[in-house]
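Colleague: how would this look folded up:
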Amino acid sequence: MAWTDTLTDDTRRMMMRALDQRGAEYLDTAGGDRPYAAFLMATDTAAWRDCGVSIFDLPDYNWRATYDQGMSPTQALAAALDTVM
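Modeller: Alright, predicted model coming up:
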């Protein structure tokens with residue numbers, strides 16, 4: 001199950017509106033896959049909040065694999081940071 005499937009309908013709608021407003025980079029990276037793009041946006045927001053950097057500033061990491069495994073954005077960020085520390 002994808003992370004976005006765990007969200008309430010209201011939260012999912014809010015994420016998609018935010019994606020429409022500021023998600024062009026995430027949609028491009030996700031190849032137009034909106035749920036995956038929302039995951040990238042939420043993960044990037046967590047990275048900025050917790051580390052002061054974008055996920056795109058971190059060394060190459062397979063974000064798609066963490067999404068496909070059903071990780072939350074914070075779990076995916078922790079896994080990515082474990083690989084660079």
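Colleague: so where do the strands sit in the protein?
Modeller: Taking DSSP state E as the criterion, the chain carries no strands.
Colleague: that one: helices as residue ranges?
Modeller: Under the criterion DSSP state H, helices of the chain are mapped to 9-22, 24-29, 34-51, 63-68, 73-84.
Colleague: a markdown table for these, including mean neighbour count and distance to Met1?
Modeller: Where you see a C-beta, it was placed from the backbone N, CA and C, and this is true even at glycine. Output for these, formatted as a markdown table (neighbours: other CB atoms under 10 Å; distance: least, CB to CB, whole Å):
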| stretch | mean neighbour count | distance to Met1 |
| --- | --- | --- |
| helix 9-22 | 13 | 13 |
| helix 24-29 | 16 | 20 |
| helix 34-51 | 19 | 11 |
| helix 63-68 | 18 | 10 |
| helix 73-84 | 16 | 13 |
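Colleague: and the residue nearest to Glu25 when sequence neighbours are not counted, how far from Arg13?
Modeller: Excluding its sequence neighbours, the residue lying closest to Glu25 (CB to CB, 6 or more residues apart in numbering) is Phe56, at 8.0 Å. If you measure Phe56 against Arg13 using CB to CB, to the nearest Å, the figure is 26 Å.
Colleague: got a list of what the closest residue to Ser54 other than its chain neighbours touches?
Modeller: Sequence neighbours aside, Asp44 is the residue nearest to Ser54 in space, at 5.6 Å (criterion: CB to CB, 6+ apart). Counting by CB atoms under 8 Å, 6 or more residues apart in numbering, Asp44 touches Tyr26, Ser54, Ile55, Phe56.
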